[in-house]
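> dropping a prediction and its sequence here:
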Amino acid sequence: MKKHLALAGIVLLAAACSHEGSSPSSKGDLGTGLNTIERKYNRPAAETYDAARSAVQAFNLSIDRDRHDEMGGELTARRADNHQVTLSVIAIDKDNSRATVRVEPGNSALATMIHEKISNKLGMATAKAAFFGGNSADYPYDADLQTGVAAAERTVKALGWTVIGKEVKDDWAQIDARAEDSNPARIKMERVNDVAFPLKVTFIGGHGKTDVSKSMIGLMHDEFDRQVGGHVK
C-alpha cells in the first residue's frame, strides 16, 4: 500500500533582537516564539530583501512600511484579517544575509511559507539534479527503503539542516532539506534489483556544478554512511 506523507513541518526558534541606528535595516523588534522564523541566505542583503518583498507581494499582503538600504531593511504588511507580518533582512557580510519573518499571532506555518517563497525567488527551490550534472551523486547500500528513510532523516538532523519535505512511496522515497545558508538538499532512495545492495541513494545539493554543491554532497554522503552502514563507496 502506498504511503503519501505531506510536507513536513518546520520548527525554528529565533531569538529576540532589537537594534537601534540610522540604517533602516538596524531597527526592529521581531519578538520571540513560534511565530518568528529566521533563516540565513547565501545572497547579498539587497538581493534577499528584494526577494522578500516579492514574496510578500506574491501572498497578496498589503504593505504598510518598506524601509531598506544596501545592508537590508524592514518591511511590515497586513493580511486580510488585519494581522501583521514583519520581515527583516540584515547583512551578515557582502555575500550572505539573514532574514527573519514574524507572522502574528503565532503563525509559524505562514512564516515558513514566506521563507520558501523567498528561496524560490532567489532561485533556491528544492534541489534537483542539474541537466549537465555536477550536483548529484549515486551510491549503493545494503539496506531496505525504510532503513534508508530513517537514516536520511537522522542525517539531516545531524547536519543541523531543516527538513522541508518528505515523500515515501512503494519503491522510492525522498527527503528535502535546507542547509544553514538555505541552499536546498535532497536525499532520494530507490529500490533496485541487486541482491547485495538493494538500495540506491542519490544525494543532491544546490544547483549545478559548484563548490557548494560538491561540499553538500560530501557532507550528506559521509553522514548517511555513519547513520546507515552497509554501504559501498
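That came in fine, so what should we check first?
> start to end distance for stretch 55-69?
Using C-alpha to C-alpha, to the nearest Å, one end of stretch 55-69 lies 18 Å from the other.
> buried residues of that stretch, list them for me.
Of the residues in stretch 55-69, 55-56, 61, 68 count as buried by neighbour count, 16 or more other C-beta atoms under 10 Å. Placement of C-beta: from N, CA and C, glycine included.
> state the distance from His221 to Ser182.
With distances taken as C-beta to C-beta, to the nearest Å, His221 is found 21 Å from Ser182.
> more neighbours: the two, which one.
Neighbours around His221 and Ser182, counted as other C-beta atoms under 10 Å, are more numerous at Ser182. The numbers are 25 against 18.
> ok, for that one, nearest residue in space, not its chain neighbours?
When the adjacent residues along the chain are set aside, Ser182 lies closest to Tyr41, with 4.8 Å between them (C-beta to C-beta, 6 or more residues apart in numbering).
> from what I can see the one you found touches Glu180, true?
No - here Tyr41 does not reach Glu180: they are 10.1 Å apart, not a contact under C-beta atoms under 8 Å.
> more neighbours: which of the two?
Legend: neighbour count by other C-beta under 10 Å for Tyr41 and Glu180, higher for Tyr41 (26 against 12).
> residues in contact with that one?
With contact taken as C-beta atoms under 8 Å, 6 or more residues apart in numbering, Tyr41 is in contact with 48, 96-99, 118-119, 122, 124, 181-182.
> turn these into CSV, including secondary structure.
Conversion of these to CSV gives the following (DSSP: H, G, I helix; E, B strand; the rest coil):
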residue, secondary structure
Thr48, helix
Asn96, strand
Ser97, strand
Arg98, strand
Ala99, strand
Ile118, helix
Ser119, helix
Leu122, coil
Met124, coil
Asp181, coil
Ser182, coil
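> show me the chain divided up by domain.
Taking automatic domain parsing as the domain assignment, the record places the domains of the chain at 18-121, 136-228.
> out of those, which gets nearest to Ala129?
The closest of the domains of the chain to Ala129 is domain 136-228. By C-beta to C-beta, the value is 4.1 Å.
> the closest one: end-to-end distance?
19 Å.
> roughly how far is it from the heart of the chain?
The gap between where domain 136-228 is centred and where its chain is centred comes out at 15 Å by C-alpha atoms, centre = their mean, to the nearest Å.
> kindly report the same for stretch 92-103.
Relative to the centre of its chain, stretch 92-103 is centred 13 Å away, using C-alpha atoms, centre = their mean.
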